[in-house]
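*Asks:* Got a sequence here, can you build the structure:
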Amino acid sequence: MEKLYQKDLIFSSNATTQQEVFTEISSMLLEKGIVKESFKDAIIERESNYPTGLDLSPVAEGLPNVAIPHTDTEHCDAKAVVFIKLTNPIPFNNMIAPDNELNVNYLFMIINNEKTNQTNVLSELMAFMTDVDNIKTLETLETNEDIYNFLTNK
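*Replies:* Numbers count the residues shown, from 1 in each chain. I've put the predicted structure just below:
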């Protein structure tokens, strides 16, 4: 899993809406050549049809919520997990109860150009996110480099 994280794919964003953060990150990923032109629209559409917000309150009280946005393989040119720390929590719909909105602090965006293994990546991310210590540690990290070092040493 740690090989899916790259130092230049750890971001902080001041966006205040899903549309803004997806537009901002998609353009950076397009510049890096890891997604196709169609990626931004595809991830926005998929998130609206299949929400990826994850409520971490059942794991432990006070944990920030996360989302795992992803889209179909044909919109991706690489395999990676893009980590985005949100300065302002952004509302996402809950993947378990799609009518419920959650304020999300972190995005783990899956970029996958392979037809297989998306389920494995999702399950490993879920295991990481449901470990209280992992999320509490993320909360303490200030720099993208610190976040990268933590994610790649887990």
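*Asks:* name the helices or strands packed onto the top helix by length along the chain?
*Replies:* With secondary structure taken from DSSP state H, the chain has its longest helix at helix 18-31. Helices and strands touching helix 18-31, as assessed by 3 or more C-beta pairs under 8 Å, 6 or more residues apart in numbering; DSSP states H and E, comprise strand 10-13, helix 39-49, strand 79-93, strand 101-112. Heads up, the C-betas are built off the backbone N, CA and C, glycines and all.
*Asks:* just the angle between that helix and strand 79-93, please?
*Replies:* Helix 18-31 and strand 79-93 are oriented at 170 degrees to each other (axes from the mean of the first three to the mean of the last three C-alpha atoms, to 10 degrees).
*Asks:* Any stretches of this structure with poor pLDDT?
*Replies:* Counting by pLDDT under 70, the chain contains low-confidence ranges at 1, 117-118.
*Asks:* okay, which residue is most central for it?
*Replies:* Note on the chain: the residue nearest the mean C-alpha position is Phe108, at 1.8 Å, using C-alpha atoms, centre = their mean.
*Asks:* Phi, psi for the closest residue to Ser57 other than its chain neighbours please.
*Replies:* The shortest distance from Ser57 to any non-neighbouring residue, by C-beta to C-beta, 6 or more residues apart in numbering, is to Leu63 (6.7 Å). Backbone torsions of Leu63, given as degrees, to the nearest 10, read phi -70, psi 140.
*Asks:* count of residues packed around Leu63?
*Replies:* Summarising burial for Leu63: neighbours were counted as other C-beta atoms under 10 Å, giving 20.
*Asks:* is it true that it touches Lys136?
*Replies:* Yes: contact criterion C-beta atoms under 8 Å: Leu63 and Lys136 qualify, at 7.5 Å.
*Asks:* which residues do these two both contact?
*Replies:* Counting by C-beta atoms under 8 Å, 6 or more residues apart in numbering, Leu63 and Lys136 have no common neighbour.
*Asks:* Near the nearest residue to Gln6 once chain neighbours are set aside, how many other residues are there?
*Replies:* Of all residues not flanking Gln6 in the chain, Ala80 sits nearest, at 5.9 Å (C-beta to C-beta, 6+ apart). Neighbour count for Ala80, taken as other C-beta under 10 Å: 22.
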